[in-house]
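**Q** what's the 3D shape of this:
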Amino acid sequence: MHEDLVVGAPLSMEDLDDAQRLARFAGKYGHDGCEVVEVRKVASDSLGGYAWAVRFLEGSAH
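**A** Okay, here's the model as predicted:
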């Protein structure tokens, strides 16, 4: 299991529900053969004050 911290994602991510956010990131990570299992909002020192933590498995996308 791996985790990325994504800073600077579009503000529209806020308007999505959990399943929609998971699908959005799954589309991006799927190109690298990864399966996203969780996306959650976390505090960050970035300009927006938050980021998205994306947990994924490498090499398991179908």
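
**Q** Give me the residue at the spatial middle of the chain.
**A** In the chain, the residue lying closest to the centroid (CA atoms, centre = their mean) is Val54, at 3.8 Å.

**Q** Apart from its chain neighbours, what residue comes closest to Arg21?
**A** Val39 (4.7 Å; CB to CB, 6 or more residues apart in numbering). To be clear about C-beta, it is placed using only N, CA and C from the backbone, and glycine gets the same treatment.

**Q** where does the one you found fall, phi/psi-wise?
**A** phi -130, psi 130 (degrees, to the nearest 10).

**Q** what's across from it in the sheet?
**A** Assessed by DSSP bridges, Val39 has beta-bridge partners Val54.

**Q** can you offset everything so residue one is 667?
**A** In the new numbering, first residue 667, that becomes Val705.

**Q** That one: what's it in contact with?
**A** 684, 687-688, 691, 718-721 (CB atoms under 8 Å, 6 or more residues apart in numbering).

**Q** do the same with Met667
**A** 703, 721-723.

**Q** Could you rerun that using 7 Å?
**A** 721, 723 (CB atoms under 7 Å, 6 or more residues apart in numbering).

**Q** Need the per-residue pLDDT for it.
**A** Turning to Met667, the model gives it a pLDDT of 92.

**Q** Same check on Ala727?
**A** pLDDT, Ala727: 49.

**Q** can you check Val708 too?
**A** 91.

**Q** got a list of what it touches?
**A** Contacts of Val708 (CB under 7 Å, 6+ apart): 716-717, 719.

**Q** What is the three-state secondary structure of it?
**A** strand (DSSP: H, G, I helix; E, B strand; the rest coil).

**Q** ok, and Phe722, which helix or strand is that part of?
**A** Taking DSSP states H and E as the definition, Phe722 sits inside strand 716-724.
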